[in-house]
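Colleague: from the sequence below, what's the structure:
(one chain, ligands or ions: 1)
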Amino acid sequence: MSTLSLFDDFPPDIEQLRQEINYHSYRYYALDDPQITDADYDRLMQRLRELEAQYPASITPDSPTQRVGAAPLSAFQTVVHEMPMLSLDNAFSDEDLLAFNQRVQDRLKSAEDIEYACEVKLDGIAVSLLYQNGLLVRGATRGDGTNGEDITQNVRTIKSIPLRLHGEGFPSVLEVRGEIYMPKAGFNALNENARITGEKLFVNPRNAAAGSLRQLDPRITANRPLEMCAYSVGWVDGGELPSTHSNVLAALKSWGFLTNRETQVAKNIHEAIAFYRRIGEKRDALAYDIDGIVFKVNSRKLQDSLGFISRAPRWAIAYKFPAQEESTLLLDVEFQ
Ligand SMILES: NC(=O)c1c(N)nc(OC2CCCC2)nc1O[C@@H]1CCC[C@@H]1O
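Modeller: The predicted structure follows:
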């Protein structure tokens, strides 16, 4: 005789199965270290769908079966960001980067080496994800930095975006910011399919990601190969964050977010330039488009004392790569 309590109207394995599926998602997306095959994952999901169909009252909004909403929206609502989503100043040469570092040292009245977090600059769409008590409650585009579009239904369909934070120790209000992008392989497959079906081709992965997020029908977004990589935190309440940006990224990873595996900490601006060179050499081999490297003063205390001018922080800069020629093949097809 099982010792079901009065409140367990459904077999206990539904919640346990949900947690098991969420754990495998965490291993796949946040740790990039899956424990089971995709086929086994799909079998677990199929089992959960069957059990939830049998016991509809057991369905919770963060169940992995609840990623694709049904009704298309008639329009996107506006979201006012509680904290503005900043843009980035650009550097186009080593001299520009050295000048940035000098400005930082001057403003901090220090000749000490500045430690930088070095991140690939993903070429996608910036988004804000708001979590309350660990549950995803809102997804929004950056828009003009102050006002964005509410795309909650669409971000819920992206499997690398946790519907419920993993682990513990996260603040009760946590706004995670990152980039939604389309990996090159997914972009090529999407365009290959569009060629076959005679649909519109996308010019590049960034446009394909933007077009996929601008869909009023989440079922279309759900069928697009989108990923989301977390790279900063906005509004936080009811909890403390680590003192360095690199440790904030480690915390985001522990809470279930995909963070970029190339990220490194440079002890000074010279190591930062070496990072830029190294990634520049492997850029074409990366699975996704990048258009530069983002360098951020790693100490959050120093970030706060540096602040930002207009909408770009004094404590971060993007060192761009030379623009890559667009693929002429596509343009030929378009004008044929
Ligand atoms: N595209 C990126 O990969 C990226 C990144 N890795 N890190 C940041 O840091 C933010 C937070 C402080 C200032 C900008 N921003 C990024 O992209 C920004 C978003 C809006 C304009 C740039 O594309």
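
Colleague: check what pLDDT residue 11 gets.
Modeller: The score at residue 11 is 66. That number is its pLDDT.

Colleague: kindly apply the preceding question to residue 312 instead.
Modeller: What the model reports for residue 312 is a pLDDT of 83.

Colleague: can I assume it is in contact with residue 85?
Modeller: No: judged on CB atoms under 8 Å, residue 312 makes no contact with residue 85 at a distance of 11.4 Å. The C-beta positions use only the backbone N, C-alpha and C, and glycine is treated the same way.

Colleague: so which of the two has more stuff around it?
Modeller: Between residue 312 and residue 85, residue 85 has the larger neighbour count (other CB atoms under 10 Å), namely 21 against 16.

Colleague: my read: that one touches residue 232, true?
Modeller: No: counting by CB under 8 Å, residue 85 sits too far from residue 232 to count as a contact (9.1 Å).

Colleague: give me the common contacts of the two.
Modeller: residue 177 (CB atoms under 8 Å, 6 or more residues apart in numbering).

Colleague: which SSE is immediately downstream of the helix or strand residue 250 falls within?
Modeller: Per DSSP states H and E, residue 250 falls inside helix 245-254. Counting by DSSP H and E, the element after helix 245-254 in chain order, helix or strand, is strand 264-266.

Colleague: which other residues reach that next one?
Modeller: Strand 264-266 is contacted from outside by 115-118, 244, 246, 272, 274-275, 295, 298, using CB under 8 Å, 6+ apart.

Colleague: pLDDT wise, what is the closest residue to residue 146 other than its chain neighbours at?
Modeller: Take residue 146 and drop its neighbours on the chain: the residue closest to it by CB to CB, 6 or more residues apart in numbering is residue 84, 5.5 Å away. Per-residue pLDDT puts residue 84 at 93.

Colleague: is residue 84 in a helix, a strand, or coil?
Modeller: Residue 84 carries the three-state label coil when classified by DSSP: H, G, I helix; E, B strand; the rest coil.

Colleague: then the one 3 residues further on?
Modeller: In terms of secondary structure, residue 87 is coil; the call rests on three-state DSSP.

Colleague: quick check on the contacts of strand 264-266: which are buried?
Modeller: 115-118, 244, 246, 272, 275, 295, 298 (16 or more other CB atoms under 10 Å).

Colleague: show me which residues of stretch 137-151 are buried.
Modeller: Residues of stretch 137-151 classed as buried: 138-143, 145, 148-151 (neighbour count, 16+ other CB under 10 Å).

Colleague: ends of it, what's the gap?
Modeller: Criterion CA to CA, to the nearest Å; first-to-last residue distance in stretch 137-151 is 11 Å.

Colleague: over to stretch 48-59?
Modeller: Counting by CA to CA, you get 10 Å between the two ends of stretch 48-59.

Colleague: average pLDDT for that stretch?
Modeller: Rounded mean pLDDT across stretch 48-59 is 93.

Colleague: got the buried residues for it?
Modeller: So for stretch 48-59, counting by 16+ other CB under 10 Å, buried means 48, 51-52, 58.

Colleague: any chance of these in a markdown table, with distance to the ligand too?
Modeller: Shown next, in a markdown table, are the buried residues of stretch 48-59 (distance: CB to the nearest ligand atom, whole Å):
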| residue | distance to the ligand |
| --- | --- |
| 48 | 33 |
| 51 | 39 |
| 52 | 36 |
| 58 | 39 |
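
Colleague: any weak-confidence spans in this protein?
Modeller: Regions of the chain meeting the criterion pLDDT under 70 cover residues 1-12, 325-336.

Colleague: contact residues of it facing the ligand?
Modeller: Within the chain, the residues that sit near the ligand (CB under 6 Å from any ligand atom) are 86-88, 119, 121-122, 126, 142, 179, 231-232, 294, 313, 316.

Colleague: most neighbours out of these, which is it?
Modeller: Most surrounded of the residues of the chain next to the ligand: other CB under 10 Å gives residue 119, at 28 neighbours.

Colleague: surely residue 243 is in contact with residue 298?
Modeller: No: using CB under 8 Å, residue 243 is not in contact with residue 298; the gap is 9.3 Å.
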